[in-house]
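1. Provided below for reference: sequence and predicted model.
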Amino acid sequence: MGNDNMSLKEKSIVFIGFMGVGKTTIGSLVAKKLYRDFIDIDQEIEKEYGMPATEIFKTFGEKVFREKEKNIIDFYSKQKLKIISVGGGAFLQEEIQKICLSNCIVFFLDLSWESWKERINLIIDSRPVLQGKSLDEIKELFYTRQQYYTNHHSKVETDNLDIESVANNIVDALKTAWELYD
């Protein structure tokens, strides 16, 4: 298993982290800077079903969503030169962790609870797992999920950094790694 025959420079890059940390925004900017295709897994699922993730959860259930998510991640992770943003809950599946870690370079975008909390009003309506939860329940979910994000190749602290700075730091780190290890 894994893309061992693929050079480090060719491997796709996966962004993981809690919902709303900026995986899609930062991922799409990194993709532009590296001239790669950007794939947002949640958007791919929504396109396939023709409805937002919240509706997919309501209509078909989380299990169906997670299975589709795993299949799409498996497909894209084996391709070259992609930048992939996975949903905040994707890494809860051990199989998805293994797929991503063996086929891609995985970046964990880390944001503190205090900084994340400032974004809640921007994202709450579009996140099915936040629906109907109190702030305390969301905080518990935030900290519970942090353990799943410990499996990665590189951790990027994003507190107090603008999107451009985070993307530039990631691109610089990748170019250094490519020079050292390829």
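-> Thanks, I have it. Numbers count the residues shown, from 1 in each chain.
2. residue ranges for the helices of the chain, please.
-> Counting by DSSP state H, the chain has helices at residues 23-34, 41-49, 53-60, 62-77, 94-103, 113-117, 120-123, 135-146, 163-181.
3. okay, those in CSV with mean neighbour count next?
-> Using the backbone N, CA and C atoms, a C-beta is placed for each residue, glycine as well. Formatted as CSV, the helices of the chain follow (neighbours: other CB atoms under 10 Å):
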stretch, mean neighbour count
helix 23-34, 20
helix 41-49, 17
helix 53-60, 16
helix 62-77, 17
helix 94-103, 18
helix 113-117, 14
helix 120-123, 11
helix 135-146, 13
helix 163-181, 14
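4. which of those helices has the lowest average pLDDT?
-> If you rank these by mean pLDDT, helix 120-123 sits at the bottom with a mean of 75.
5. how far out from the middle of the chain is that one?
-> 18 Å (CA atoms, centre = their mean, to the nearest Å).
6. Can you show me the CA trace of it as PDB?
-> Taking C-alpha atoms only, helix 120-123 is exported to PDB below (Å, rounded to 0.1, in the frame of the first residue of the first chain):
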ATOM      1  CA  ILE A 120     -18.100  29.700  14.900                       C
ATOM      2  CA  ASN A 121     -20.800  32.100  13.500                       C
ATOM      3  CA  LEU A 122     -19.200  31.900  10.000                       C
ATOM      4  CA  ILE A 123     -19.400  28.100   9.800                       C
END
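7. For it, which outside residues touch it?
-> 19-20, 130, 135, 138 (CB atoms under 8 Å, 6 or more residues apart in numbering).
8. before we move on, the earlier item: out of the helices of the chain, which gets nearest to L8?
-> helix 163-181 (5.3 Å; CB to CB).
9. Render the CA-only coordinates of that closest one in CSV, please.
-> C-alpha atoms of helix 163-181 as CSV (Å, rounded to 0.1, in the frame of the first residue of the first chain):
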residue,chain,number,x,y,z
ILE,A,163,-3.9,32.9,5.1
GLU,A,164,-1.1,34.1,2.8
SER,A,165,1.5,33.6,5.5
VAL,A,166,0.3,30.1,6.3
ALA,A,167,0.3,29.1,2.7
ASN,A,168,3.7,30.6,2.1
ASN,A,169,5.1,28.7,5.1
ILE,A,170,3.7,25.4,3.8
VAL,A,171,5.0,26.0,0.3
ASP,A,172,8.5,26.9,1.7
ALA,A,173,8.5,23.8,3.9
LEU,A,174,7.5,21.6,0.9
LYS,A,175,10.2,23.0,-1.3
THR,A,176,12.8,22.5,1.4
ALA,A,177,11.7,18.9,1.9
TRP,A,178,11.7,18.2,-1.9
GLU,A,179,15.3,19.5,-2.1
LEU,A,180,16.5,17.5,0.9
TYR,A,181,14.7,14.2,0.2
